[in-house]
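>>> quick one, fold the following:
(chains A and B)
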2 protein chains.
Amino acid sequence: MPRHNLKDAIPALLPEELIQTLAGNGGVRIERIVSRGHGSPAGFWYDQPEHEFVLLVAGAAELELAAPSERLQLGPGDYLTIAAHRRHRVNWTHPEQDTLWLAVFFADDSGPASGRSGA
Amino acid sequence: MPRHNLKDAIPALLPEELIQTLAGNGGVRIERIVSRGHGSPAGFWYDQPEHEFVLLVAGAAELELAAPSERLQLGPGDYLTIAAHRRHRVNWTHPEQDTLWLAVFFADDSGPASGRSGA
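Model prediction:
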């Protein structure tokens, strides 16, 4: 039985956010995301067709959400569900420690989870 | 935007495991499970119609799986996916600290996630 740890196999150098699918099916996608000072590019907003449940497991981040505009500081154990098509971006992640996210993407009902992923 | 923490609202006394659905739809169910020394009753095995992705966020536990028989000691950050109908039970959780699980139940394809839940 493969058992893994969210801290496994994190590269020493992380020029880009690391995004890996851990499990799922046609209707749900469970991802590990590792950020190390990464944030969304200036002016970039995620606009996803699925709902996203996201748990910050380690590290620290600031999320920004649109309509209505909000900023959320997230620490270990914090989670939220971002509704489909609620625009959001990662303003900041801790520059000196790895921020580990567990994200679960799922459709309104049982449709496919195929959209662009992100924390 | 509601933001919560996995450590929120844990009762001082926990005579039973605490199981709460955090998000989901007809095809996926995301649960928080809090154990405090709880384990499966003697002779009890979970036999679930869905796959279960489970992440131990805090605490410590021993899982037992059948066919083939395996015991897994789990600590913070450990995760695994238990295939539908793979029998399993919780042999042990730490008696003096809360063990926090995030569990995601999903069907083989996009069918309903309606079975009995558990870590």
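
>>> shaky segments in chain A?
A:1-2, A:109-119 (pLDDT under 70).

>>> could you list the contact residues of it toward chain B?
A:1-7, A:22-28, A:30, A:51, A:53, A:55, A:57-58, A:65, A:70, A:72, A:74-75, A:77-81, A:100, A:102, A:104, A:106-112 (Cβ under 8 Å from any Cβ of the partner chain). Quick note: C-beta positions are derived from backbone N, CA and C, even for glycine.

>>> give me the subset of those residues lying in helices.
Applying DSSP state H to these, no entry is found in helices.

>>> now do the strands in chain A.
Counting by DSSP state E, chain A has strands at residues A:4-5, A:18-24, A:28-35, A:51-58, A:61-65, A:70-74, A:78-82, A:88-93, A:99-106.

>>> who touches the second one?
Here strand A:18-24 makes contact (Cβ atoms under 8 Å, 6 or more residues apart in numbering or on different chains) with A:4, A:10-11, A:29-34, A:113, A:117-118, B:51, B:53, B:79, B:81, B:104, B:106.

>>> mind doing that once more with 10 Å?
Under the criterion Cβ atoms under 10 Å, 6 or more residues apart in numbering or on different chains, residues A:4, A:6, A:9-11, A:29-36, A:38, A:98, A:100-106, A:113, A:117-119, B:28, B:51-55, B:79-81, B:104, B:106 lie in contact with strand A:18-24.

>>> and for the first one?
Contacts of strand A:4-5 with the rest of the structure, by Cβ under 10 Å, 6+ apart, involve A:22, A:32, A:100, B:55-56, B:74-81.

>>> re the thing from before, including mean neighbour count, could the strands of chain A go into TSV?
Converted to TSV, the strands of chain A look like this (neighbours: other Cβ atoms under 10 Å in any protein chain shown):
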stretch	mean neighbour count
strand A:4-5	15
strand A:18-24	16
strand A:28-35	24
strand A:51-58	24
strand A:61-65	20
strand A:70-74	15
strand A:78-82	22
strand A:88-93	21
strand A:99-106	26
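
>>> A:G59: neighbour count?
Counted with other Cβ atoms under 10 Å in any protein chain shown, the neighbours of A:G59 add up to 20.

>>> ok, it touching A:G77?
No: assessed by Cβ atoms under 10 Å, A:G59 is found out of contact with A:G77, at 11.4 Å.

>>> next, A:A42: phi, psi?
phi -50, psi 130 (degrees, to the nearest 10).

>>> could you pull up the contacting residues of it?
Counting by Cβ under 10 Å, 6+ apart, A:A42 makes contact with A:R89.

>>> and it, how far from chain B?
With distances taken as Cβ to the nearest Cβ, to the nearest Å, A:A42 is found 22 Å from chain B.
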